[in-house]
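>>> Provided below are the primary sequence and the corresponding predicted coordinates.
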Amino acid sequence: MKHLLLGDEAIAQGAIDAGLSGVYAYPGTPSTEVTEYIQHSVISHQCSAIQCRWATNEKTAMEAALGMSYMGKRALVCMKHVGMNVCADAFMNAAITGVNGGLIVLAADDPSMHSSQNEQDSRFYAKFAMIPCLEPSNQQEAYDMMAYGFELSEQMKTPILLRVTTRMAHSRAVVNTVEKPRPQNEMSMPKDVNHFILLPAFAKRNYAELVAAQPSFVAHSEADGHNVYTCGAKPEKAIVTTGIAYNYLMESYDASMGRSILRVTQYPLPAALIAQLVKDGAKEILVIEEGQPVVEELIRGMVPSEVAIKGRMTGDLPRMGELTPDNVRKAIGLDPLPEHAPEAIVVGRPPALCQGCGHRDMYAALNEVAREYAAPRIFGDIGCYTLGALSPFHAIHACVEMGASVTMAKGAADAGQHPAIAVIGDSTFTHSGMTGLLDCVNANANVVVLISDNLTTGMTGGQDSAGTGRLEQICYGLGVPQEHVRVVVPLPKNMEEIKNVLREEIDYNGTSVVIARRECIQTLKRHLKAAKRG
Amino acid sequence: MKKDIILAGVGGQGILSIATVIGEAALQEGLYLKQAEVHGMSQRGGDVQSNLRLSSEPIMSDLIPKGGADLIISLEPMEALRYVEYLKPDGWIVTSSVPFLNIPNYPDLEQVLARIKAYKNHVLLDVEALAKEAGAPAQAANMVLLGAAIPMLGIDHDKMIAGVARVFARKGETIVNTNINAVEKGYAFSVR
């Protein structure tokens, strides 16, 4: 069957057709659509039952997936690149336990930081954990690699990392899919349960097995046909390219250029193919890869020192940011196409909080109260409300990673700062803020944690939020005194009340929580529309 | 046949619906298609674009190179100008003349429109007024714009109309007809 699918959707359909039993994920651009597609497929009965409820964070997702795999079933974990940091403990140790049912971890990287705070390259994690990594170069490959990846995972008894980048995740193309999905695995216990008990004695044995398996991972990379080497007529100047970077190369490449080309879509790197490239006469290798210079660094240790390695580290391609057809064209020595000069009249149009959004009213009140203090510090967090850093609010003084608002405010308060205020969304709070709040309570830190509760995960498009309807109970349970868990409704008419509540809690010497609760304007519109339809 | 199209606008304006209809018609024609979209933070009122590539041959890059686009279709005049580096020297700009004012430093509109008119191949139209004339709601303004771009798409008018009908079919006959009227209005403006 033919479908027009986003890269993310191709991965989702590929997983469904490969007999997936559970997808575990926390929303994050550019990975969100994988899980959403599977949810829609389940709800509309286009596939059999698959566990697909959003997880609280990437670590809980990874662990649940490992549990599913333990029971012999196929599981998929999806996240954006920085989610890999959150699940790293589970991820690294899943490489040591190995798997029973197939286990694929999808990491969607965001070079150029379209919707992210850094552009870390997830291929480092595969190298770090010493497991195979797949990097499709088009939507069809992304689909096909799910069945292949699950097979490889079960055969090699290892988790597989599937790495994509923004343009792969969010670009559509036609994908041919199988007529009938593979049935899900039956439940089955692991043959050797000690593999999953990482006591040092067992872990040492497991790790030795993982080390011993490395040559077979390389052999797969060399033989499976995912890495393709073509010797050119002029093999002195060779190109090694990975994932979607291959597409940018082929956009302008002309066969008369005669380069030897190695296309990599599976790691560890195929050592034999790289050796062949050199044997065929390569004196210079240009590495074209999306993200950080991972292959460029690795390949230096795999070829004789007289072979020149070029790429992002030598300035032949930009050191940071996305590849484009234009910068790849330049790197292979072609002139740019004739183009119009940019129009000077065009000004930037940064994203902004929606008109009518509750975060706006929350910031309006907070800014007014903050002005009453000599040197307030407001620690922000990850979500739509990060836009409070921009005009017209300029309301936050930090934003680092999920949950950091709460604990950075605590650290600042520990250092003597007052007022120290954290602003965090409801979904980010349950993702990684709750443990920090417990630290605050245990130290009775003088902080105000302002939870801007819009009842959803807004930035990624309105997915379910793990703590909806229970935030007060969670805060009570963590030990915040009930009289210092305050709830306000962020609307212009409530401005005075909100300001008073904020003042009282800032002046209270201890840990307090203010919940500003009003539904996200985008999900509200959707809910009203659905209600109208009946 | 090969058409590289940049769709431009402001997050929330509905450029992806235009892409959906063109994509539907292109697939019926048996063309290859790649369409890179913007999801995430920019969708909150920021500038957004989509690269839509159609070809009778397989397409490699998901992104259009600078100087490679045959056509810019924009729901906002300044946003059309944002991507002129991507336009071929003789490429077309088909854009709404109605500014989307959500920034304090929006340039002088007359100057923006003058810059668009400086391109030999341009179609500048008030999509909202034309939608109204077609008896369609403001949300159908993007279909007026699509109609105005049909002569430059390399896909037959009737096949595009059939694409509109298929995309909106599940929403009922009234909505299908409203959208077709909007498309025809834009088309008539363009070929007048």
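Great, that's in hand. Residues are numbered from 1 along each chain as shown, chains lettered A, B, ... in the order given.
>>> please state the backbone phi and psi of the residue sitting nearest the centre point of chain A?
Closest to where the C-alpha atoms of chain A average out (Cα atoms, centre = their mean) is A:Lys80, at 0.6 Å. Dihedral angles of A:Lys80 (phi, psi; degrees, to the nearest 10) stand at phi -80, psi 170.
>>> for the host helix or strand of A:Met434, which positions count as buried?
In this assignment (DSSP states H and E), A:Met434 forms part of helix A:434-443. Within helix A:434-443, the residues scored as buried using 16 or more other Cβ atoms under 10 Å in any protein chain shown are A:Met434, A:Gly436, A:Leu437, A:Leu438, A:Cys440, A:Val441. Any C-beta I mention is one placed from the backbone N, CA and C, and that applies to glycine too.
>>> need the residues of the stretch 201-350 of chain A near chain B, please.
Proximity of the stretch 201-350 of chain A to chain B (Cβ under 8 Å from any Cβ of the partner chain) is limited to residues A:244, A:247-248, A:250-252, A:324-326, A:329, A:336-343, A:345-350.
>>> just those: which are in helices?
Among these, the members falling in helices (DSSP state H) are A:Asn247, A:Tyr248, A:Met250, A:Glu251, A:Ser252, A:Pro325, A:Asp326, A:Arg329.
>>> could you redo the residues you listed as TSV and give each row neighbour count and pLDDT?
Shown next, in TSV, are those (neighbours: other Cβ atoms under 10 Å in any protein chain shown; pLDDT from 0 to 100):
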residue	neighbour count	pLDDT
A:Asn247	24	97
A:Tyr248	29	98
A:Met250	19	97
A:Glu251	20	96
A:Ser252	19	95
A:Pro325	22	97
A:Asp326	23	97
A:Arg329	21	97
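>>> and the two most separated of the residues you listed?
A:Met250 and A:Asp326 (14.4 Å; Cβ to Cβ).
>>> state the mean pLDDT of stretch B:135-152.
Average pLDDT, stretch B:135-152: 95.
>>> in that stretch, what counts as buried?
Buried residues in stretch B:135-152 (16+ other Cβ under 10 Å): B:136, B:140-150, B:152.
>>> and of those residues, the nearest to A:Leu199?
Within the buried residues of stretch B:135-152, proximity to A:Leu199 (Cβ to Cβ) peaks at B:Asn142, which comes in at 61.4 Å.
>>> wasn't that closest one part of a helix?
Yes - under DSSP: H, G, I helix; E, B strand; the rest coil, B:Asn142 falls within a helix.
>>> what pLDDT does residue 63 get?
All of this refers to chain A. For A:Glu63, the pLDDT comes out at 98.
>>> sorry, I should have been clearer: chain B.
Note for B:Leu63: predicted pLDDT of 97.
>>> how many residues are close by it?
Neighbours of B:Leu63 under the rule other Cβ atoms under 10 Å in any protein chain shown: 23.
>>> do A:Ser188 as well
A:Ser188 has 12 nearby residues by other Cβ under 10 Å.
>>> grab the nearest non-local neighbour of it.
Distance criterion Cβ to Cβ, 6 or more residues apart in numbering or on different chains; nearest residue to A:Ser188, sequence neighbours excluded, is A:Gly72 at 3.4 Å.
>>> tell me the spacing between the one you found and A:Gly19.
11 Å (Cβ to Cβ, to the nearest Å).
>>> and B:Ala134, by the same measure?
Counting by Cβ to Cβ, the gap from B:Ala134 to A:Gly19 is 49 Å.
>>> which residues does the residue nearest to the spatial centre of chain B bridge with?
Centroid-nearest residue in chain B: B:Ile73, 3.5 Å away (criterion: Cα atoms, centre = their mean). Beta-bridge pairing for B:Ile73 (DSSP bridges): B:Leu7, B:Val94.
>>> so it makes contact with B:Ala149?
Yes - using Cβ atoms under 8 Å, B:Ile73 is in contact with B:Ala149, at 4.9 Å.
>>> ok so A:Ile104 is a strand residue?
Yes - under three-state DSSP, A:Ile104 falls within a strand.
>>> list the contacts for it?
For A:Ile104, the contacting residues are A:Ala15, A:Ala75, A:Leu76, A:Val77, A:Met146, A:Gly149, A:Phe150, A:Ser153, A:Pro159, A:Ile160, A:Leu161, A:Leu162, by Cβ atoms under 8 Å, 6 or more residues apart in numbering or on different chains.
>>> mutual contacts of A:Gly72 and A:Gly19, please.
A:Asn185.
>>> what's the overlap in contacts for B:Ile73 and B:Ala149?
Both B:Ile73 and B:Ala149 are contacted by B:Val94, under the criterion Cβ under 8 Å, 6+ apart.
>>> show me where the stretch 51-200 of chain A has its strands.
Listed in chain order, the strands of the stretch 51-200 of chain A (DSSP state E, counting those that start in this stretch) span A:74-80, A:103-109, A:133-134, A:160-165, A:171-176.
>>> now render those as JSON lines, adding mean pLDDT.
Output for those, formatted as JSON lines (pLDDT from 0 to 100):
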{"stretch": "strand A:74-80", "mean pLDDT": "98"}
{"stretch": "strand A:103-109", "mean pLDDT": "98"}
{"stretch": "strand A:133-134", "mean pLDDT": "98"}
{"stretch": "strand A:160-165", "mean pLDDT": "98"}
{"stretch": "strand A:171-176", "mean pLDDT": "96"}
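>>> what would those strands look like in a markdown table with distance to B:Lys2?
Supplementary listing: those in a markdown table, determined by distance: least, Cβ to Cβ, whole Å:
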| stretch | distance to B:Lys2 |
| --- | --- |
| strand A:74-80 | 33 |
| strand A:103-109 | 29 |
| strand A:133-134 | 31 |
| strand A:160-165 | 25 |
| strand A:171-176 | 15 |
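>>> ok, the residue nearest to the centre of chain B - contacts?
B:Ile5, B:Ile6, B:Leu7, B:Ala8, B:Ile15, B:Ile18, B:Val94, B:Thr95, B:Leu145, B:Leu146, B:Ala149.
>>> as CSV, the residues you listed with distance to A:Arg172 would be great.
Below are those laid out as CSV (distance: Cβ to Cβ, whole Å):
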residue, distance to A:Arg172
B:Ile5, 13
B:Ile6, 15
B:Leu7, 13
B:Ala8, 17
B:Ile15, 14
B:Ile18, 14
B:Val94, 21
B:Thr95, 23
B:Leu145, 20
B:Leu146, 17
B:Ala149, 19
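>>> pull out the buried residues from the residues you listed.
Buried among the contacts of B:Ile73 by 16+ other Cβ under 10 Å: B:Ile5, B:Ile6, B:Leu7, B:Ala8, B:Ile15, B:Ile18, B:Val94, B:Thr95, B:Leu145, B:Leu146, B:Ala149.
>>> nearest spatial neighbour of the first one, skipping sequence neighbours?
In other words, B:Ile5. Using Cβ to Cβ, 6+ apart, the nearest residue to B:Ile5 is B:Leu52, at 4.4 Å.
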